[in-house]
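>>> Take a look and give me a structure for this.
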Amino acid sequence: MFPIVFAACLARQLATNRYDWLHLRITPHWPVVHVLERARVPMSAEHIEDFLPSRRLRRFGKRIRLAFTNSEKCGRLLHEEFGLAKERIVSKPEGIEPSVFLRATDRAAVRARFGLDPEAFLIAHASSFRWHHDFDTILEAVRRFNCPAQIAFCGAGPRSDEVRRKVYGLGVSARFLGALPQSQLALVLSAADACVDALMKPVVANGNLRASKLWEYMASGVPTVETIDPTLPLPAWAAECLFLVPAEDPGALYDILWQTKAAGRAAAEKAEKARRWVLENKTWEVVTRHAVAAIERVLREDR
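The predicted structure follows:
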């Protein structure tokens, strides 16, 4: 019902107002596509790779003037399948709000508030609990610690119960905090000793450093461990700001987590460098400015 109601509202808006640009954040349902096919407004889109399986959406997708994507593989497909010029495929606007990601001034108090072990080496993972998160690797890495270690899972999703069963089966110390407001998530992340973004190989094979959660981890000011495909390129700042490890390798993940624990001040300095980088490059103000500039550039080119 919602797509039908939304399509009717969109048609009314397009008929009664003048717009310079439309931006699609999700793959539109058929009633919405029907309205957009008749719209004489230039459009950009995110998640445009979802257009590829459907013949009608592929046809409509050729009207897209600018694509936002966080996947190099998707960028190649858009160029090959839709004929979209490479300069019209730009990074998806994802960022953080600095006022939310303030670091905890009393880490012990935050741990007590959320029932987290005050003495453990605390690893935080914020998740939508979907297929692309590699929980097996995370849990096996935590299980290998011979000192108190705990993982704090923030978020909820379709695999939550599955992960709980695995936690209990392995005897890993874990806390499931559920979905948290961003301000509380920021507190938990900054009270941890490390944040871990463990992704499956098919995800990193589409391009490294894709997850939006990465910016939140970096903003927390604690060491951030990111899984990658070592055969794919990385920006220069990644090695300076992140602890990098091959995807789906529990031993390597354990080693690098232990490294963040043993490195002490050096790890803290790297985490601080990551925080400074993300606050300079990935705030919503910055990424929105870049997205608007890309739209304005296309409008100028197409006049």
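>>> Let me know the next secondary structure element after the strand or helix carrying Ile151.
If you go by DSSP states H and E, Ile151 is part of strand 149-154. Using DSSP H and E, the helix or strand that directly follows strand 149-154 along the chain is helix 160-170.
>>> Packing partners of that following helix?
helix 135-143, strand 174-178 (3 or more C-beta pairs under 8 Å, 6 or more residues apart in numbering; DSSP states H and E). In short, each C-beta sits where N, CA and C put it, glycine included.
>>> Report the inter-axis angle for the last one versus helix 135-143.
Yep, that's strand 174-178 we're talking about. 130 degrees (axes from the mean of the first three to the mean of the last three C-alpha atoms, to 10 degrees).
>>> Now do the helix or strand following strand 174-178 against strand 149-154, angle only.
With elements assigned by DSSP H and E, the helix or strand that comes after strand 174-178 is helix 182-190. For helix 182-190 against strand 149-154, the angle by the same axes, to 10 degrees is 160 degrees.
>>> Next, the buried residues of helix 182-190.
If you call a residue buried by 16 or more other C-beta atoms under 10 Å, then helix 182-190 has these buried ones: Gln184, Leu185, Ala186, Leu187, Val188, Leu189, Ser190.
>>> nearest to Arg56, of those residues?
Leu185 (38.8 Å; C-beta to C-beta).
>>> any idea how far Val100 is from the closest one?
In this view, Leu185 and Val100 are 9 Å apart by C-beta to C-beta, to the nearest Å.
>>> on that earlier part again, the strand holding Ile151 pairs with which strands?
In the sheet, strand 149-154 lines up against strand 121-126 (parallel), strand 174-178 (parallel) (DSSP bridges).
>>> nearest to Val41, of those strands?
Nearest to Val41, of all the strands paired with strand 149-154, is strand 121-126, at 36.0 Å by C-beta to C-beta.
>>> what separates Phe145 from Leu139, distance-wise?
Taken as C-beta to C-beta, the span from Phe145 to Leu139 is 11 Å.
>>> typo on my end, it should be Asp20
Using C-beta to C-beta, Asp20 is found at 49 Å from Leu139.
>>> Looking at the buried residues of helix 182-190, spot the one nearest Leu244.
Leu189 (18.8 Å).
>>> Excluding covalently adjacent residues, which one is nearest to the closest one?
Setting aside the residues directly before and after it, Leu189 is nearest to Ser220 in space (C-beta to C-beta, 6 or more residues apart in numbering), at 3.6 Å.
>>> for Glu119, same thing?
Glu119's closest residue in space is Pro148 (C-beta to C-beta, 6+ apart), at 5.7 Å.
>>> Throw the buried residues of helix 182-190 into CSV and include pLDDT and distance to Glu87, thanks.
Converted to CSV, those look like this (pLDDT from 0 to 100; distance: C-beta to C-beta, whole Å):
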residue, pLDDT, distance to Glu87
Gln184, 95, 40
Leu185, 95, 36
Ala186, 95, 36
Leu187, 95, 41
Val188, 97, 40
Leu189, 96, 36
Ser190, 95, 38
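>>> ok, the residues you listed vs Val5, which is closest?
Taking those together and measuring to Val5 by C-beta to C-beta, the closest member is Leu185, at 32.0 Å.
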